[in-house]
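1. Everything below, folded, please.
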Amino acid sequence: MDIKIEGNRVKTVSVYDVRMIRALPKLEGMKRWMNSKQFTFENTPYNLEVWSQTFPHSKVETGTLVEAPAGVAEANSVFDEGRPAFAYKTPPRAHQERALEKMAHKSKFGLFMDIGTGKSWTGIAMMGKRWCAGKSDYVLLVAKNGVHTQWVTEQLPKHMSEVVPWKAWVWGKTKKAEAEFEQMMKFDGLKIFAINIDALITVAAEQKIMRFLKAASGHATMIVDESQDIKNISAGRTKAAIKYGNLCKYRMIMTGTPIAKNLVDAFSQFKFLDENIFGHRYVTTFRSRYCQLRDNGFGLEIIGHKNVEEFYRKIDPHIFRINADEVLDLPPKVYVTQPFVLSDEQKRLMKDLRQNFMASVGSGAKISVPNAAALVTRMQQISCGFAVDEEGHVRELPNPRLEELVNVLEQREGKAIIWCRFNEDIRRVMKKLGDKTVDYYGETSPKARQQNLDLFLNANSSVRYLVASPEAAGTGLNLQGICRTNVYYSNSFNSLARWQSEGRTWRDGTTGSVVYIDLVAKGSPDSRILQNLKDKKSISDLALDEYRKLIAMEDNDEIF
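-> Residues are numbered from 1 along each chain as shown. This next block holds a predicted model:
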């Protein structure tokens, strides 16, 4: 049966053929018979492939084309030939250079790079290259709340080429933020709009984003950092990301965890990049193609995968994938700060403690502190998801730190040590991670310590994580070569314990790199504790002004 393509629809233009019975169940999306006896279905690469397989001699007539999105003009290839030649501010490592070469002629691309291998550097270099080439003056940068600010305050100033004039704006709704947005829009250079992923679904953000993309006149780039956050195709933020991505000529996803549980995790990430990579518009047909399904009585569940070689063959031209173990020119120690945002309840408790040295924690319970040193400890506990009231009872609080830990661990392969300051932290991490975890701290008996260590060191064991305190496990253990990932869930002021704990996984002569990841909550003492560790100051050495800085709350970004 011959067909005619008209925008987003395809319709038949010849008489009915009985082979339609084979094609109908396979076609995805909306399909129906028209009064004129014609059959119409959605214009997707997958549907056209099904049609060509069913009717190999079908003639295809092209009708009207799909209209460009309203308010976004078509881009010219080059709009300014007087720009400087691109120059790196910091030289690329070998794998970063390979990544840039592979994506040089791709408008849609995925950087699937482990934590510590320089995803941000690579993305920033590509922003600068495109600006110098006159291809993109506008970048919409989407990341986790807190991480989007870190891009602007740390990564861009550190790595953006000095030949590229740039101005970045961090999403906000204050009068000051409004004024800064207007300044950026008037700026003559690379304009970067950084927004947290949860704010994408708000009306206020939509107005700003649409104005930004309209001004780009088709020259926009959209980057989704930690793109595993858009793996759920039904989530509002995923739909918003895809909507805005369709208005941008250049799109990039960045993650160390492209496929966390099954191949379906990749569907919406690649749909954001380019629907034509797989050709499926709907997850149902994608899942049928690449997943083995079983009806469990409540619906279909994924029990395995199929056509895996085809899956990787299709994505290979559009991604750069590298593990930390493959990178030969990383320094022996790689330090990464992983920011995240506290809950409103945690912010309120810390604010009340700072102002009154007392706070209510529900059911009439109170938290109080006698001095500044105790206040710093209580603030850190609150940022870790718990509070100790005046009766000595531990009160449960929302704990985004725990969720950030899971996010980080999903992006690292192999075994990891999770270092914690408080025993309560260790208990919470153990409960969250389950039987993949063993502990090593003050409450672990000598016999259990050795058993737990043996399980962690056993390459064939299912145990992946050792949750430990630096005081208990920071000396005497030789784990170099076994483990290349250290996550500091929470830090104490003991610089000697920190230095000794780092030495468990690294020694002179260790081959390859070891990564040290610090979880840092905005508005908590975390960042200043880290700075004091670098300055080798214990809490007993702190002066009054240093206590003041530790206690001072940072300005918190608005989420909505």
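2. export the helix or strand hosting Asp425 as CSV, just CAs?
-> Using DSSP states H and E, Asp425 sits within helix 423-433. Below are the C-alpha coordinates for helix 423-433, written out as CSV (Å, rounded to 0.1, in the frame of the first residue of the first chain):
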residue,chain,number,x,y,z
ASN,A,423,27.4,6.6,64.1
GLU,A,424,23.8,7.6,63.2
ASP,A,425,25.0,8.3,59.7
ILE,A,426,26.4,4.8,59.4
ARG,A,427,23.2,3.2,60.6
ARG,A,428,21.1,5.2,58.1
VAL,A,429,23.5,4.4,55.2
MET,A,430,23.5,0.7,56.1
LYS,A,431,19.7,0.6,56.2
LYS,A,432,19.5,2.4,52.8
LEU,A,433,22.0,0.3,50.9
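3. list the buried ones in it?
-> For helix 423-433, the neighbour count (16 or more other Cβ atoms under 10 Å) marks Glu424, Asp425, Ile426, Arg427, Arg428, Val429, Met430, Leu433 as buried. All C-beta atoms are positioned from the backbone trio N, CA, C, and that covers glycine.
4. Please apply the same query to stretch 432-444.
-> Within stretch 432-444, the residues scored as buried using 16+ other Cβ under 10 Å are Leu433, Thr437, Val438, Asp439, Tyr440, Tyr441, Thr444.
5. And it, end to end?
-> Across its full length, stretch 432-444 reaches 18 Å between end residues, using Cα to Cα, to the nearest Å.
6. What average pLDDT does stretch 423-435 get?
-> Averaged over stretch 423-435, pLDDT sits at 96.
7. Off-centre distance for it?
-> Centre-to-centre, stretch 423-435 and its host chain are 23 Å apart (Cα atoms, centre = their mean, to the nearest Å).
8. what sits up against that stretch?
-> Identification of contacts with stretch 423-435 by Cβ atoms under 8 Å, 6 or more residues apart in numbering yields 381, 384-386, 394, 399, 402, 405-406, 409, 418, 420, 437, 439, 441-443, 462-463, 465, 467-469, 489-490.
9. Is it possible to mark the buried ones in those?
-> For those, a burial check counting by 16+ other Cβ under 10 Å picks out 381, 384-386, 399, 402, 405, 409, 418, 420, 437, 439, 441, 463, 465, 467-469, 489-490.
10. what sits against the most centrally placed residue in the chain?
-> What sits nearest the mean C-alpha location of the chain, by Cα atoms, centre = their mean, is Glu226, with 1.6 Å. Residues counted as contacts of Glu226 (Cβ under 8 Å, 6+ apart) are Ala143, Lys144, Val147, Met254, Thr255, Asn407.
11. Can you pull out the low-pLDDT segments for the stretch 201-350 of the chain?
-> 258, 260-261 (pLDDT under 70).
12. Next step: the contacts of Glu226 restricted to strands.
-> Ala143, Met254, Thr255 (DSSP state E).
13. Report the beta-bridge partners for the first one.
-> On the basis of DSSP bridges, Ala143 takes part in beta bridges with Asn196.
14. thinking again about what came up before, dump the ones in strands among the contacts of Glu226 to a markdown table, plus neighbour count and distance to Ala125.
-> Listed next are these as a markdown table, based on neighbours: other Cβ atoms under 10 Å; distance: Cβ to Cβ, whole Å:
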| residue | neighbour count | distance to Ala125 |
| --- | --- | --- |
| Ala143 | 23 | 17 |
| Met254 | 21 | 13 |
| Thr255 | 27 | 18 |
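15. where does Gln292 land in three-state SS?
-> strand (DSSP: H, G, I helix; E, B strand; the rest coil).
16. just checking, which of the contacts of stretch 423-435 belong to helices?
-> Gln381, Leu402, Leu405, Val406, Leu409 (DSSP state H).
17. Enumerate every residue touching the first one.
-> This means Gln381. So Gln381 contacts Ala387, Val388, Phe422, Glu424 (Cβ under 8 Å, 6+ apart).
18. Mind doing that once more with 6 Å?
-> Listed by Cβ atoms under 6 Å, 6 or more residues apart in numbering, Gln381 has no contact partners.
19. how far is stretch 344-353 from where the chain is centred?
-> So, by Cα atoms, centre = their mean, the centroid of stretch 344-353 is 26 Å from its chain's centroid.
20. Please apply the same query to stretch 188-197.
-> For stretch 188-197, the distance to the chain centre is 17 Å (Cα atoms, centre = their mean).
21. Tell me which residues of it come out buried.
-> Neighbour-count burial for stretch 188-197 [16+ other Cβ under 10 Å]: Leu190, Lys191, Ile192, Phe193, Ala194, Ile195, Asn196, Ile197.
22. out of those residues, who's nearest Lys135?
-> Lys135 lies nearest to Leu190 out of the buried residues of stretch 188-197, by Cβ to Cβ, at 11.1 Å.
23. Surely the closest one and Trp166 touch.
-> Yes - counting by Cβ atoms under 6 Å, Leu190 does reach Trp166; the two are 4.0 Å apart.
24. Okay, now the unreliable bits of the stretch 451-560 of the chain?
-> Along the stretch 451-560 of the chain, the parts satisfying pLDDT under 70 run over 508-509, 537-560.
25. make it 90
-> By pLDDT under 90, the weakly predicted segments of the stretch 451-560 of the chain are 459-460, 474-484, 492-500, 503-513, 522-525, 527-560.
26. what are the ranges of the helices in it?
-> Secondary structure of the stretch 451-560 of the chain (DSSP state H, counting those that start in this stretch): helices located at 470-473, 495-502, 526-534, 544-551.
27. With mean neighbour count and distance to Tyr88 added, can I get the ones you listed in CSV?
-> Below are these laid out as CSV (neighbours: other Cβ atoms under 10 Å; distance: least, Cβ to Cβ, whole Å):
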stretch, mean neighbour count, distance to Tyr88
helix 470-473, 20, 37
helix 495-502, 18, 30
helix 526-534, 18, 27
helix 544-551, 14, 35
